[in-house]
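**Student:** model the structure of this input:
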Amino acid sequence: MTVERPLSVIVAGGGTAGHIEPALAVADALRRHDPAIRITALGTQRGLETKLVPERGYTLELIPPVPLPRKPTADLLRLPGRVLASMRRTRDIIDAVDADVIVGFGGYVALPAYLAAGRGLSPLAYLPGRGRASGSRARGRRQVPVIVHEANAMAGISNKIGARVAARVLAAAANSGVHARGRGDAEVVGIPVRSAITTLNRPALRARAREHFGLPAEGPVLLVFGGSQGARSLNEAVSAAAPQLTAAGISVLHAHGPKNSLVLDGLHEPAKYIAVPYLSQMALAYAAADAVVCRSGAMTVAEVSAVGLPAFYVPLPHGNGEQELNARPVVAVGGGRIVADAELTPKYVIDEVIPLLRDMDRLTAMGRAAADAGHRDAADEVARIVLEVAGRD
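**Tutor:** Below you'll find the predicted structure:
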């Protein structure tokens with residue numbers, strides 16, 4: 001009798017937390033299904049994965065980064081060579097771990113993984129003037145099936161390329177712009193979120209969470225954060241309204257970013273405004289809060305809605321507008337509001353945020369709507385698809 005070797009899965013989602021967290025959530029779901037599954041994460045030296053992946057107990061293999069220039073510059077001419085170098089390194093890793101499936105989540109790390117899977121993409125496939133994949137499948141090379149997951153409301157270049165040869169194409173929401181080759185639109189599964197968030201019991205953890213941060217046990221709490229580096233416009237608008245917030249009986253937990261600081265003058269009760277550089281215990285922060293002011297990156301929206309928190313989503317004022325698109329489904333069902341960056345002023349906080357925090361019935365209704373908008377089982381669903389593609393379902 002032959003014993004089937006453990007499944008070997010590569011997850012490719014480095015660079016930002018928005019790419020890394022879904023990858024690790026799927027890795028966790030696979031390990032829950034079978035602790036023997038071998039998980040290898042791809043990353044680069046300059047990404048957050050160098051910290052996040054080892055902390056979660058997974059093997060991290062580094063490859064050269066492949067940033068994709070969006071304009072015709074000198075970097076575009078160097079792109080094929082960079083892609084080839086990263087592709088070769090990725091191929092060595094695929095062979096070393098005897099990978100059965102590659103799951104890509106977009107970004108700098110995913111493109112070399114898609115190309116190295118041996119499924120017919122040329123490194124030149126997406127240069128200007130080459131609208132279709134070029135090149136032929138490498139002869140004699142073992143091909144590894146690819147699964148692509150697009151978390152954002154607007155697909156990135158890496159995932160558009162990977163989707164051309166993927167066995168399955170998944171997306172957080174409909175109309176993301178990533179399509180399964182010959183099979184129409186991507187399968188909508190939501191964004192994989194770690195179980196510590198999807199199973200969070202906020203009421204049960206409320207007292208412990210508030211004690212952890214030094215917040216008052218009673219009264220509403222506003223959580224403010226702008227990503228791992230903070231957000232200046234959020235910092236300035238909310239901190240300037242700190243006297244009015246605390247005078248209204250509202251406590252604030254504000255993560256301002258490690259390189260930023262807040263000016264807090266005229267506070268009625270300084271103990272009610274807790275400012276920290278970074279929140280390493282996001283589950284506890286969510287449990288302590290009643291509402292959130294935050295950016296609307298795909299992962300942020302997924303987590304905040306999964307825990308059922310009403311939110312004032314403030315999309316980045318630059319880029320292609322995808323952050324606003326990320327928040328629209330939650331806002332459409334009443335789980336939050338979208339506030340333009342320029343409109344988030346101290347006056348807005350006083351006129352809009354404070355009244356909501358003092359209306360528990362509205363908070364409860366918005367929180368319920370936010371929770372209903374999410375896909376809590378997305379990580380398990382993607383894990384199931386991985387097993388299916390690998391023939392291990």
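**Student:** make it CA atoms for all contacts and neighbour counts henceforth
**Tutor:** Fine.
**Student:** wasn't residue 61 part of a strand?
**Tutor:** Yes. Counting by DSSP: H, G, I helix; E, B strand; the rest coil, residue 61 is part of a strand.
**Student:** how many other residues sit next to the spatially closest residue to it that is not a sequence neighbour?
**Tutor:** Excluding the flanking residues, the one nearest residue 61 by Cα to Cα, 6 or more residues apart in numbering is residue 42, at 5.1 Å. Neighbour count of residue 42, defined by other Cα atoms under 10 Å: 26.
**Student:** now do residue 219 against residue 249, distance only.
**Tutor:** Noted for residue 219: a distance of 7 Å to residue 249, by Cα to Cα, to the nearest Å.
**Student:** next: residue 185.
**Tutor:** Relative to residue 249, residue 185 is positioned 48 Å away (Cα to Cα).
**Student:** repeat that for residue 85.
**Tutor:** Per Cα to Cα, residue 85 is found 57 Å from residue 249.
**Student:** coming back round to it: give me the more crowded residue out of residue 219 and residue 249.
**Tutor:** Taking neighbours as other Cα under 10 Å, residue 219 and residue 249 compare with residue 249 leading, 18 against 13.
**Student:** residues contacting the more buried one?
**Tutor:** Contact analysis of residue 249 by Cα atoms under 8 Å, 6 or more residues apart in numbering lists 219-220.
**Student:** now do the SS call for it.
**Tutor:** From three-state DSSP, the assignment for residue 249 is coil.
**Student:** what about the residue lying closest to residue 113 once chain neighbours are set aside, how many neighbours?
**Tutor:** Computed as Cα to Cα, 6+ apart, the closest residue to residue 113 that is not its neighbour in sequence is residue 90, at 6.2 Å. The number of residues packed near residue 90 is 24, by other Cα under 10 Å.
**Student:** same deal with residue 175?
**Tutor:** For residue 175, the number of neighbouring residues by other Cα under 10 Å comes to 14.
**Student:** can you check residue 167 too?
**Tutor:** By other Cα under 10 Å, neighbour count at residue 167 equals 17.
**Student:** just to check, it is in contact with residue 389?
**Tutor:** Yes. Counting by Cα atoms under 8 Å, residue 167 does reach residue 389; the two are 7.3 Å apart.
**Student:** which neighbours do these two have in common?
**Tutor:** residue 145.
**Student:** and the pLDDT at residue 167?
**Tutor:** Residue 167 is assigned a pLDDT of 94 by the prediction.
**Student:** an error on my part: the question was meant for residue 1.
**Tutor:** Listed pLDDT for residue 1 reads 50.
**Student:** same question for residue 66.
**Tutor:** According to the prediction, residue 66 has pLDDT 72.
**Student:** surely it and residue 113 touch.
**Tutor:** No. Contact criterion Cα under 8 Å: residue 66 and residue 113 do not qualify, at 10.9 Å.
**Student:** these two: which is more packed in?
**Tutor:** Shown here are residue 66 and residue 113; by other Cα under 10 Å, residue 113 has more neighbours (32 against 22).
**Student:** now for the strand or helix carrying that one, which elements pack on it?
**Tutor:** Assigned by DSSP states H and E, residue 113 belongs to helix 110-116. Contacts defined by 3 or more Cα pairs under 8 Å, 6 or more residues apart in numbering; DSSP states H and E place helix 110-116 against helix 74-97, strand 101-104, helix 157-162.
**Student:** neighbouring strands of the helix or strand that comes right after it in the sheet, and parallel or not?
**Tutor:** Using DSSP H and E, the helix or strand that directly follows helix 110-116 along the chain is strand 146-150. Strand pairing for strand 146-150, determined by DSSP bridges: strand 101-104 (parallel), strand 168-171 (parallel).
**Student:** got a list of contacts for the last one?
**Tutor:** By Cα under 8 Å, 6+ apart, the residues outside strand 168-171 that reach it are 146-152, 163, 178-180, 186-191.
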